[in-house]
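K.L.:
pasting the sequence and the predicted model now:
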Amino acid sequence: MVAYPPGSDTDVMARPYKGVAPSVTDVVAGHIPVALVTIGPVRQYLKAGKLTAIAVADPDRTPFLPNVPSIAESGFPDVRLCAWNAFFALAAWSAVPAGGSPAKLGARVAADYRQLGRLIDELKIQAD
């Protein structure tokens, strides 16, 4: 259990899951109160009214859920969370990158690594 964001009075316990589907299933079933997941796997539950989106974990609202506030609007302006996917391959593999260059992806990975490393150190997070 850690205070997250740091300095707040909100306690968060990370519970690792083997994939998004089991965590979403447990939220829908009421076994856990909340999960941080990408929009795709929960869209059907949002439309059916089985789940409520509390906030979008990006600094700005998303056009996919325009009525859901950003995490910054929800009172956590310093929290920066987002999900992204990348395809990694051998350097000799020939492909045309979409959404950015390999250099841009490398810079993003390095920046996220530094940011999460600072957070892990600050919160004294350790693997069990």
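P.N.:
Happy to help now that I have it.
K.L.:
only C-alpha atoms from now on, for both contacts and neighbour counts.
P.N.:
OK.
K.L.:
could you chop this structure up by domain?
P.N.:
1-82, 84-128 (automatic domain parsing).
K.L.:
any idea of the mean pLDDT in the first one?
P.N.:
Per-residue pLDDT over domain 1-82 has a mean of 83.
K.L.:
related to what we said a few turns ago, want to try JSON lines for the domains of the chain, with mean neighbour count as columns?
P.N.:
Compiled in JSON lines, the domains of the chain are given as follows (neighbours: other CA atoms under 10 Å):
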{"stretch": "domain 1-82", "mean neighbour count": "14"}
{"stretch": "domain 84-128", "mean neighbour count": "10"}
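K.L.:
which SSE is the residue located most distally from the centre of the chain in?
P.N.:
Distance from the centre of the chain peaks at Ala92, with 31.2 Å (CA atoms, centre = their mean). Under the criterion DSSP states H and E, no helix or strand holds Ala92.
K.L.:
distance of it from Ala103?
P.N.:
15 Å (CA to CA, to the nearest Å).
K.L.:
look up phi and psi at Ser70.
P.N.:
Taking degrees, to the nearest 10, you get phi -70, psi 170 for the backbone angles of Ser70.
K.L.:
next: Phe87.
P.N.:
As for Phe87, its main-chain torsions (degrees, to the nearest 10) stand at phi -110, psi 120.
K.L.:
and Ala72, helix, strand or coil?
P.N.:
Under DSSP: H, G, I helix; E, B strand; the rest coil, Ala72 falls in the coil class.
K.L.:
same question for the longest helix seen in the chain, mean pLDDT?
P.N.:
For the chain, the helix that runs over the most residues, judged by DSSP state H, is helix 102-123. Helix 102-123 shows a mean pLDDT of 85.
K.L.:
contacts only, for Ser74.
P.N.:
Contacts for Ser74 (CA atoms under 8 Å, 6 or more residues apart in numbering) come out as Ala55.
K.L.:
again, 10 Å this time
P.N.:
54-57, 68 (CA atoms under 10 Å, 6 or more residues apart in numbering).
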